[in-house]
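**Student:** This is the structure alone, sequence omitted:
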């Protein structure tokens with residue numbers, strides 16, 4: 001083979017090797033792109049699933065017996081001349097202060113037929129405990145209402161504020177919630193399954209969502225005959241006590 005032919009042969013082999021290398025690189029790049037695309041699909045699917053689990057407001061829910069209008073627990077006589085609408089969260093320390101300042105007088109006014117109280121309990125302070133206590137407490141109250149009636153719910157409501165856990169703590173355990181439910185007048189066998197099973201979780205979510213839809217942005221919020229009393233604790237106390245004076 002002549003020198004010229006040998007050089008041409010080497011050039012042809014080099015060109016063929018280059019083409020083969022380029023083909024291998026293209027295949028590798030395609031594989032990388034495909035792998036990245038597959039990962040992105042997984043991430044998107046996981047994100048959608050997680051979000052769908054979190055964002056359930058408005059989903060169908062079982063409503064506890066004793067609730068009126070979807071989310072109201074009304075204590076007192078229908079013939080009472082005044083109605084207090086009270087939005088509260090069982091983990092809210094300002095709500096506890098409101099109850100401390102008004103509870104005894106409001107109970108007496110309810111018993112005397114002067115006022116009825118429309119409780120709109122919500123649960124938006126789960127972040128203030130390590131066990132979603134706000135939601136668990138409202139679920140427990142819903143279980144008490146469903147199984148034992150409004151009067152027992154009212155006593156349970158008062159007990160939860162009297163024994164409100166510190167913010168940032170684990171909150172009351174399910175056993176403690178059952179204990180206070182029994183102290184309020186419920187039977188353990190009636191309330192324990194629903195408290196431990198979180199039976200009214202979706203109702204709790206929806207009740208809290210409805211608060212925002214109603215234009216209420218915090219607790220305690222008190223309305224007297226449908227009219228807001230103000231945005232401070234002092235205004236809520238003054239409005240509530242003024243309605244029964």
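**Tutor:** Thanks, I have the structure now. What you see is a predicted model, and the numbers here were worked out from it, not measured in a lab.
**Student:** Quick one: the strands in the chain, in order.
**Tutor:** 73-75, 82-89, 115-122, 221-224, 227-228 (DSSP state E).
**Student:** quick one: which of those strands is nearest residue 170?
**Tutor:** Residue 170 lies closest to strand 82-89 among these, at 16.9 Å (Cβ to Cβ). Just so you know, the C-beta spots here come from the backbone N, C-alpha and C atoms, and that holds for glycine as well.
**Student:** Direction included, what does the closest one pair up with?
**Tutor:** Strand pairing for strand 82-89, determined by DSSP bridges: strand 115-122 (parallel), strand 221-224 (antiparallel).
**Student:** Might you list the low-confidence residue ranges for the chain?
**Tutor:** 1-55 (pLDDT under 70).
**Student:** and if we set it to 50?
**Tutor:** Applying pLDDT under 50 to the chain flags residues 3-4, 32-54.
**Student:** Can you pull up the most central residue in it?
**Tutor:** residue 205 (4.7 Å; Cα atoms, centre = their mean).
**Student:** Identify the residues contacting that residue.
**Tutor:** 56, 57, 59, 61, 135 (Cβ atoms under 8 Å, 6 or more residues apart in numbering).
**Student:** ok, 6 Å please
**Tutor:** 56, 57 (Cβ atoms under 6 Å, 6 or more residues apart in numbering).
**Student:** show me where this protein has helices.
**Tutor:** For the chain, the helices defined by DSSP state H occupy 3-54, 93-111, 133-148, 150-162, 174-184, 188-197, 201-213, 233-242.
**Student:** and residue 156, which of the strands paired with strand 82-89 is closest to it?
**Tutor:** strand 115-122 (11.0 Å).
**Student:** what sits up against stretch 159-170?
**Tutor:** For stretch 159-170, contacts defined as Cβ under 6 Å, 6+ apart pick out 90, 96, 99, 128, 130, 131, 137, 171, 172, 180, 184.
**Student:** cool, and stretch 95-104?
**Tutor:** Applying Cβ under 6 Å, 6+ apart, the set of residues contacting stretch 95-104 is 88, 161, 164, 219, 220, 236, 237, 240.
**Student:** Which residue ranges make up the domains of the chain?
**Tutor:** 1-55, 73-242 (automatic domain parsing).
**Student:** could you dump those domains to CSV with distance to residue 66?
**Tutor:** Output for the domains of the chain, formatted as CSV (distance: least, Cβ to Cβ, whole Å):
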stretch, distance to residue 66
domain 1-55, 28
domain 73-242, 4
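**Student:** burial count for residue 191?
**Tutor:** 24 (other Cβ atoms under 10 Å).
**Student:** before we move on, what about residue 113?
**Tutor:** 13.
**Student:** got the contact list for it?
**Tutor:** Applying Cβ under 6 Å, 6+ apart to residue 113 gives the contacts 77, 80.
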